[in-house]
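Student: structure for the following, please:
(chains A and B)
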2 protein chains.
Amino acid sequence: MIDRTHDPDRRSWVESANQPGCDFPIQNLPFATFRRAGDRRPLPGAAIGDRMLDLTVFGIEALSGILSMPRARRVELRARIGDFLERHTPDAEFHLTPIAHCEFELPCAIGDYTDFYASANHARNVGSLFRPDNPLLPNYKWVPIAYHGRASSIVLSGTPVRRPCGQISPAAGAPPIYAPTRKLDYELELGAFLGPETELGEPVPIGRAPEHLAGVCLLNDWSARDIQAWEYQPLGPFLAKNFATSISPFLVTAEALEPFRGDPNARPEGDPPPLPYLAGGSAFDIQLEVWLRTPGMSEPVRVSRGNFRSMYWTLDQMIAHHTSNGCNLRPGDLIGSGTVSGPEPESRGCLLELTRGGAEPLALPNGETRRFLEDGDEVILRGWCEAPGFRRVGLGECRGVVLPAIHSE
Amino acid sequence: MIDRTHDPDRRSWVESANQPGCDFPIQNLPFATFRRAGDRRPLPGAAIGDRMLDLTVFGIEALSGILSMPRARRVELRARIGDFLERHTPDAEFHLTPIAHCEFELPCAIGDYTDFYASANHARNVGSLFRPDNPLLPNYKWVPIAYHGRASSIVLSGTPVRRPCGQISPAAGAPPIYAPTRKLDYELELGAFLGPETELGEPVPIGRAPEHLAGVCLLNDWSARDIQAWEYQPLGPFLAKNFATSISPFLVTAEALEPFRGDPNARPEGDPPPLPYLAGGSAFDIQLEVWLRTPGMSEPVRVSRGNFRSMYWTLDQMIAHHTSNGCNLRPGDLIGSGTVSGPEPESRGCLLELTRGGAEPLALPNGETRRFLEDGDEVILRGWCEAPGFRRVGLGECRGVVLPAIHSE
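Tutor: All right, here's what the predicted structure looks like:
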């Protein structure tokens, strides 16, 4: 619901928040867990301009407490934080810390992490490489396909990612080898933090799915394509994915995204309508970009851009599907959307798609090329929302540099 | 290592522990988290005969503390508990509670749950139903296949399990329906609790894998075969499995299992040797049974029996493989072994195998038959270890009754 917290004319006494193009105006107020330089205690915070607001002043002890709240209480908290940052009160600055003087942690302990596969464009592009004769499987337009991922190896933006070793099949029929992956890739995804909790055995109807979406972040689902190709049948990806997943520190709330919520795109002519338990819900208009900086570049270069609206399945549908068998959700569970790839070539959200499995190397402006990621490459995801009549709401960045493998064998 | 804690002549002053056939003699001492009747506080405990010993007397606050310990400290704790229960001290009974007066909880918060697929017999039997032309995939004898499961829906033995609804494809090419599963199944598995933690990016060599195995339990990986068949490609099982996983309350330590540790079975003639990072390790001799009680029976009947030694991959290999890409393990992570099926027809660990996908119904002694589980059916897993010269060590039971579906559509 649009309310006064979305008013584009609202301004904060934190001047940096009022600058055009700022990711964190008073209309956003994303949550993060941060530490002040030199202080070990993690604090729950909200970003405003170039500052973090310490939320302990609102009686919040940790972000997990916010994720557990019913939506109405979260909405009320957002209004109170906005008021505090709109009307200056004595000593209010005392509760602010420059972001440049903060260290960030994961927003909360992540219980279960589920990764969807919600872009039909991605599924078709990848499927055509793994199964040329059968790119989009018969269940795709009926089932929001997903698998469980690894929570322990979810790391914060900025954490370097070690190139993994694993079993690789050098040629069909040849014995596999254990070696560093030669096909390290990123995947541009949106992450979604869930809360409040649901009961085991009780599905969430799609009309109530928005109550369980706390907010979103950027997510890089690092992938080792050669390990994946060899291991994924019949039970899906495992070691090809679980060596690291990076997320951005800022949890942009579902409330801040309200102005960018709309009807899902119409399904292509001839596609079946969703089954009743998946019918309804809304889609978010979120612009997403991937930037790459190789060791040979001083500045990163954009390699793709897409929009979260291009997904075949929405977050509401993912939540309804996830609980349709009674599976319970807990506050702090994380959903990955799956790679966000649009229909255009420039909107392909991973190198596997951009280079067609490495067959068509990506040409970079400095003359380098990339089939897959090389050691020292840095991947940067960016995201933001824009709509006429509303302030821009940013998701910040999700960064990660590739470290060389430790080959122990 | 075998030490005095395994001495078969050792006896406890808790007389019930000395009875032949007891699951919990002084040589076992499995851990569990329990509450005394009428007391809400969960306590860390060790089972001895028909009693629970409150481990707070040893300075333990929760089982998670034990799982975090290096193996040497766990071994030392085991010795101290054994001594306490061997030599009676004044007021020692004060720390015991009859198991009949206890309620149990999950041993600890489970971070990540990984389910393996380590029985080649199971993989071949199931593969022949899902892919008749290609039962055992080319990667099986090289890769300990696994997928991530759902931690939130792991429930304790005794918790009823609601029949899930989900998408089911009634016939090839026909649109799917959303309906209660018609093919509800159990899977007989061994669960393994992990600890202490490993670092992200650092593989555990197979020779050190035993240091990270804290103990085992019984695990029932409830499965909806019709949902599974429709959803599992290309990313593996999801809603077909994550509606519930039951585990037994008692964590039988790796130390208690030492007398039942041996070399893995020789691989069948012609099979490739494991890659070096998977070569070595040991296998546990654990007898496992499935019992079924339908609403029409007063007593359960045994429907299968197998042995954990029949697995193609060992727990050591699973731990080495899981971390071979640098994936980190945390204390309280749970591994499922995959269905334990031996080569004999009577050792098939799920109904899918026992009834060949429902084609050959199981005949029960009271004249009933079962293709899959029906509402009201209770599944009971049992397990124990026996070896000449050692006391029997039991795993207890893992029970669950099927509740009818709530069909909301």
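
Student: most proximal residue of the stretch 301-409 of chain A with respect to chain B?
Tutor: A:Asn325 (3.8 Å; Cβ to the nearest Cβ). All C-beta atoms are positioned from the backbone trio N, CA, C, and that covers glycine.

Student: run a quick neighbour tally on that residue.
Tutor: 28 (other Cβ atoms under 10 Å in any protein chain shown).

Student: select the longest strand from chain A.
Tutor: strand A:393-403 (DSSP state E).

Student: counting contacts, what elements does that one pack onto?
Tutor: strand A:161-162, strand A:213-220, strand A:245-247, strand A:252-253, strand A:378-385 (3 or more Cβ pairs under 8 Å, 6 or more residues apart in numbering or on different chains; DSSP states H and E).

Student: need the residues of the stretch 201-350 of chain A near chain B, please.
Tutor: With Cβ under 8 Å from any Cβ of the partner chain as the criterion, the stretch 201-350 of chain A meets chain B at residues A:201-203, A:205, A:224, A:227, A:230-240, A:242-244, A:272, A:275-277, A:321-322, A:324-330, A:333.

Student: which parts of chain A are helices?
Tutor: A:63-68, A:71-86, A:120-130, A:225-231, A:315-323, A:351-354 (DSSP state H).

Student: out of these, name the one with the poorest average pLDDT.
Tutor: Here the lowest mean pLDDT among the helices of chain A goes to helix A:120-130, at a mean of 92.

Student: looking at the helices of chain A, which is nearest to B:Leu77?
Tutor: helix A:63-68 (31.1 Å; Cβ to Cβ).

Student: show me what that closest one is in contact with.
Tutor: Residues from elsewhere that reach helix A:63-68 (Cβ atoms under 8 Å, 6 or more residues apart in numbering or on different chains): A:31-33, A:44, A:60, A:74, A:77, A:107-109, A:193-197, A:214, A:251, A:331-332.

Student: can you do 7 Å?
Tutor: With contacts defined as Cβ atoms under 7 Å, 6 or more residues apart in numbering or on different chains, helix A:63-68 is touched by A:31, A:33, A:44, A:60, A:74, A:77, A:107-109, A:193, A:195-196, A:214, A:331-332.

Student: which stretches of the stretch 201-350 of chain A have low pLDDT?
Tutor: Within the stretch 201-350 of chain A, no range satisfies pLDDT under 70.

Student: looking at it, which residue is nearest chain B?
Tutor: A:Gly236 (2.6 Å).

Student: hmm, that residue is touching A:Tyr147, no?
Tutor: Yes - using Cβ atoms under 7 Å, A:Gly236 is in contact with A:Tyr147, at 4.6 Å.

Student: got any residues that touch both of these two?
Tutor: B:Tyr147, B:Leu235, B:Gly236.

Student: the second one and A:Gly236 touch, don't they?
Tutor: Yes - contact criterion Cβ under 7 Å: B:Leu235 and A:Gly236 qualify, at 4.2 Å.

Student: the more surrounded of these two?
Tutor: Using other Cβ under 10 Å as the criterion, B:Leu235 and A:Gly236 rank with A:Gly236 on top: 27 against 21.

Student: which residues sit in contact with A:Leu278?
Tutor: A:Ile206, A:Gln317, A:Ala320, A:His321.

Student: for the residue lying closest to the residue of the stretch 201-350 of chain A closest to chain B once chain neighbours are set aside, give me its contacts.
Tutor: Sequence neighbours aside, B:Gly236 is the residue nearest to A:Gly236 in space, at 2.6 Å (criterion: Cβ to Cβ, 6 or more residues apart in numbering or on different chains). By Cβ under 7 Å, 6+ apart, the contact set of B:Gly236 is A:Tyr147, A:Leu235, A:Gly236, B:Tyr147.

Student: between the residues you listed, which is closest to A:Arg267?
Tutor: Using Cβ to Cβ, these come closest to A:Arg267 at A:Tyr147, 23.4 Å.

Student: and the pLDDT at the closest one?
Tutor: Predicted confidence (pLDDT) for A:Tyr147: 98.

Student: for it, give its distance to A:Ile335.
Tutor: As judged by Cβ to Cβ, to the nearest Å, A:Tyr147 and A:Ile335 stand 12 Å apart.

Student: what do the two both touch?
Tutor: What both A:Tyr147 and A:Ile335 touch, as defined by Cβ under 7 Å, 6+ apart, is an empty set.

Student: for the longest strand of chain A, buried residues please.
Tutor: A:Val393, A:Gly394, A:Leu395, A:Gly396, A:Glu397, A:Cys398, A:Arg399, A:Gly400, A:Val401, A:Val402 (16 or more other Cβ atoms under 10 Å in any protein chain shown).
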